[in-house]
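> Quick one: sequence plus predicted model below, questions after.
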Amino acid sequence: MTVFEELKRRGLLAQLTDEEEIKELINAGKATFYIGFDPTADSLHVGHFMALCLMKRLQMAGNKPIALLGGGTGMIGDPSGKSDMRKMLTKETIEHNVECFKKQMSRFIDFSDGKALVVNNADWLLDLNYVDVLRDVGACFSVNKMLTFECYKQRMERGLTFLEFNYMIMQSYDFYKLYTDYGCNMQFGGDDQWANMLGGTELIRKKLGKDAYAMTITLLLNSEGKKMGKTEKGAVWLDPAKTSPYEFFQYWRNVGDADVIKCLKMLTFVPIEEIEEMEKTMEGAQFNKAKELLAYELTKLVHGEEEADKALEAAKALFSANASSANMPSTELEASELTDGGMNILDLLVRCGLTPSKSEGRRLVTQNGIAINDVKFTDPNGSVDLSNEVIIKKGKKVFHKVTLKQ
C-alpha cells in the first residue's frame with residue numbers, strides 16, 4: 001500500500017489541487033512540502049497534532065518536511081475560521097513561542113542531516129518594503145476574487161480589518177519564498193486554509209511560470225461537528241506543564257463512541273488494517289478497549305512510552321478500584337489558602353482547574369457531579385477538610401488529588 005493510499009483510507013485527505021501529481025510525488029518520496037504554524041501560544045495543541053502526524057508519515061516515506069514558524073504572519077493573525085480579530089502579540093512573545101514550538105516539533109520530525117527544515121517567516125516578511133510588495137506581489141491578487149473566499153466572507157458582516165485582509169498575501173508569499181529558496185513544491189494544511197494555499201500556488205504560477213501543489217487535511221471534528229481538543233480548562237496542550245500526560249491520556253480515553261475509530265485512523269500509527277478489523281466488531285466493551293488504545297498510542301507519541309505507561313496504570317487503578325495514584329493530576333495548596341483547615345468547595349474546584357467558574361462548580365455540586373473521597377458532596381456552601389490528602393471525583397471519569405504543602 002502506498003503512502004497516498006494509506007492517507008485516503010485513514011480519511012485524512014480533503015481538497016487537492018492536482019491529485020495525480022501529488023500522489024506521484026509523495027509516493028516516490030520526491031515532495032518537499034511545508035506546513036505553517038503561527039506561534040499564537042507557548043505550546044502546540046491538539047489542533048496542530050494531525051499536521052505533525054502527517055509530516056511524520058510523509059517523512060517516513062522519504063519526503064522532506066519544512067516546518068514554517070510564523071514569526072512574521074503571527075504579527076498579523078489569520079482571519080480563517082475566526083469570528084473576531086485575533087489578539088495582537090508582541091514581537092518578544094512571538095519569538096518565545098517560536099522557540100517553544102521548535103522543541104516540541106523535534107518529538108515528531110527528524111531534523112538531523114537535512115532530513116527536514118524549520119524556518120521562520122519573520123526572516124523575510126519583517127524586512128519587506130511595503131511599496132515593493134504592492135508592486136511585486138499585490139498586483140497578482142484580485143480583491144474581487146479574494147472576497148469570494150469563505151474566510152473573508154464570514155468576517156465581512158462583523159468587520160474585516162485591512163490588517164487581516166493582507167494575511168492571504170503574506171501566506172502566499174511564504175510559499176513563493178520557500179519554492180524559490182528551498183525547492184518547496186507542496187503546501188499542506190487544515191481544510192480551513194484552502195483559500196490561502198491556492199493564493200500561493202497562483203502566485204508561483206504568475207511570478208515563475210511553475211506548478212506548485214496544495215493539499216488540505218480533514219479537520220478533526222467530533223460527531224457533532226465541533227472541533228476536538230477543547231476542555232473546560234481550554235485547549236488540550238502538548239506541553240506537559242500545561243496539560244499533564246495523565247490529563248492528555250484521559251481526554252482521549254473519554255472521546256465519544258462515535259469518534260474513537262475515526263481518531264484511531266487519523267491520529268495514530270496503528271496499522272490501518274488492524275483498525276478496520278476492529279471497526280467490524282465494534283460494540284459494547286470493544287469501545288472501551290479502542291479508547292484505551294487510542295489514549296495510550298497518542299500519549300506515547302506526545303509524551304513518550306514511560307509517561308503513557310504511567311497514565312494507563314493510573315487510569316486502570318481508578319476505574320477498577322477508585323484507588324489513589326501517584327500519577328493522578330494534583331494540586332498542592334499552601335496553608336495560608338485555607339480557613340480553619342478547609343476551603344469552600346466552589347473555590348476548591350476553581351483552584352484545581354476542575355471548573356472555569358464558581359457558577360459551573362455550583363451546577364456540578366447541586367447535580368451530584370462531585371464526590372470527595374468517593375462520597376457525594378452536595379452542599380455548594382460547604383467546606384472541604386484538607387488536613388489530609390483529598391481525592392476529588394468529577395463526574396464518572398475525572399479524578400484530582402489535593403494535598404497540603406508540608
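Great, that's in hand. Numbers count the residues shown, from 1 in each chain.
> where along the stretch 301-406 of the chain do the strands fall?
Taking DSSP state E, counting those that start in this stretch as the criterion, the stretch 301-406 of the chain carries its strands at 330-333, 342-344, 370-372, 375-376, 383-385, 390-394, 398-404.
> and of the ones you listed, who's closest to Tyr213?
Shortest distance between Tyr213 and these, using CB to CB, is found for strand 398-404: 43.9 Å. Quick note: C-beta positions are derived from backbone N, CA and C, even for glycine.
> which helices and strands does the closest one pack with?
In this structure, strand 398-404 makes packing contacts with strand 330-333, strand 390-394, judged by 3 or more CB pairs under 8 Å, 6 or more residues apart in numbering; DSSP states H and E.
> Show me what the longest one packs onto, helices and strands only.
Think strand 390-394. Applying 3+ CB pairs under 8 Å, 6+ apart, we find strand 390-394 packed against helix 345-351, strand 370-372, strand 398-404.
> 10 Å instead, please
When contacts are defined as 3 or more CB pairs under 10 Å, 6 or more residues apart in numbering; DSSP states H and E, strand 390-394 packs onto strand 330-333, helix 345-351, strand 370-372, strand 398-404.
> Could you save the ones you listed as a markdown table and add columns showing mean pLDDT and distance to Thr201?
Formatted as a markdown table, the helices and strands packed on strand 390-394 follow (pLDDT from 0 to 100; distance: least, CB to CB, whole Å):
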| stretch | mean pLDDT | distance to Thr201 |
| --- | --- | --- |
| strand 330-333 | 87 | 50 |
| helix 345-351 | 93 | 48 |
| strand 370-372 | 90 | 53 |
| strand 398-404 | 86 | 45 |
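> Output those in CSV, with distance to Ile35 appended to each entry.
Converted to CSV, the helices and strands packed on strand 390-394 look like this (distance: least, CB to CB, whole Å):
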stretch, distance to Ile35
strand 330-333, 36
helix 345-351, 37
strand 370-372, 41
strand 398-404, 33
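> out of the ones you listed, which comes closest to Lys280?
The nearest among those, by CB to CB, is strand 398-404 at 31.7 Å.
> And the pLDDT at Asp123?
We note a pLDDT of 91 for Asp123 in this prediction.
> In contact with it, which residues are there?
Leu69, Gly71, Gly72, Lys177 (CB atoms under 10 Å, 6 or more residues apart in numbering).
> Scan those and report the most crowded one.
Greatest neighbour count in the contacts of Asp123, by other CB atoms under 10 Å, goes to Leu69: 25 neighbours.
> Quick one: residues contacting that one.
For Leu69, the contacting residues are 36-39, 94-95, 97-99, 101-102, 105, 118-123, by CB under 10 Å, 6+ apart.
> I'd like to know which of these are buried.
36-39, 94-95, 97-98, 101, 105, 118-122 (16 or more other CB atoms under 10 Å).
> so which of these comes closest to Asp347?
Proximity of the buried ones among the contacts of Leu69 to Asp347 (CB to CB) peaks at Asn97, which lies at 31.8 Å.
> The closest one - that's part of a strand, no?
No - Asn97 sits outside any strand when classified using DSSP: H, G, I helix; E, B strand; the rest coil, being helix.
> which residue ranges form the helices in the stretch 251-400 of the chain?
Using DSSP state H, counting those that start in this stretch, the helices of the stretch 251-400 of the chain run over 260-267, 272-280, 285-303, 305-321, 345-351, 358-366.
> So Ile14: helix, strand or coil?
To be clear, residue 14 is Ala; Ile isn't right here. Using three-state DSSP, the structure places Ala14 in strand.
> Tell me where the model's unsure across the stretch 201-350 of the chain.
By pLDDT under 70, the weakly predicted segments of the stretch 201-350 of the chain are 231-233, 317-327.
> I'd guessed Asp239 sits against His48; true?
No - the pair Asp239 / His48 is not scored as a contact, 11.5 Å apart, by CB atoms under 10 Å.
> on that earlier part again, switch the strands of the stretch 301-406 of the chain over to CSV; also include mean neighbour count.
Shown next, in CSV, are the strands of the stretch 301-406 of the chain (neighbours: other CB atoms under 10 Å):
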stretch, mean neighbour count
strand 330-333, 15
strand 342-344, 18
strand 370-372, 20
strand 375-376, 10
strand 383-385, 16
strand 390-394, 20
strand 398-404, 18
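> Can you list the residue ranges for helices in the stretch 101-250 of the chain?
In the stretch 101-250 of the chain, helices defined by DSSP H, counting those that start in this stretch lie at 122-125, 130-136, 143-146, 150-156, 162-165, 167-182, 194-208, 245-253, listed in chain order.
> circling back: and for Asp239 and His48, which residues touch both?
Gln104.
> Can you get me a residue count around Ala195?
As a burial measure, Ala195 scores 19 neighbours (other CB under 10 Å).
> err, Leu294, not the other one
Residues lying near Leu294 (other CB under 10 Å) number 23.
> who touches it in this structure?
249, 252-253, 255, 259-261, 263-264, 267-268, 270, 275.
> Nearest to Phe111, out of the helices of the stretch 101-250 of the chain?
Comparing the helices of the stretch 101-250 of the chain by CB to CB, helix 167-182 comes nearest, at 14.0 Å.
> quick revisit: of the contacts of Leu294 - the most surrounded one?
Counting by other CB under 10 Å, top hit in the contacts of Leu294: Phe249 with 28 neighbours.
> So the closest residue to that residue other than its chain neighbours versus Gly342, what's the distance?
Nearest residue to Phe249 in three dimensions, chain neighbours excluded: Ala311, at 3.6 Å (CB to CB, 6 or more residues apart in numbering). Ala311 is 30 Å from Gly342, where distance means CB to CB, to the nearest Å.
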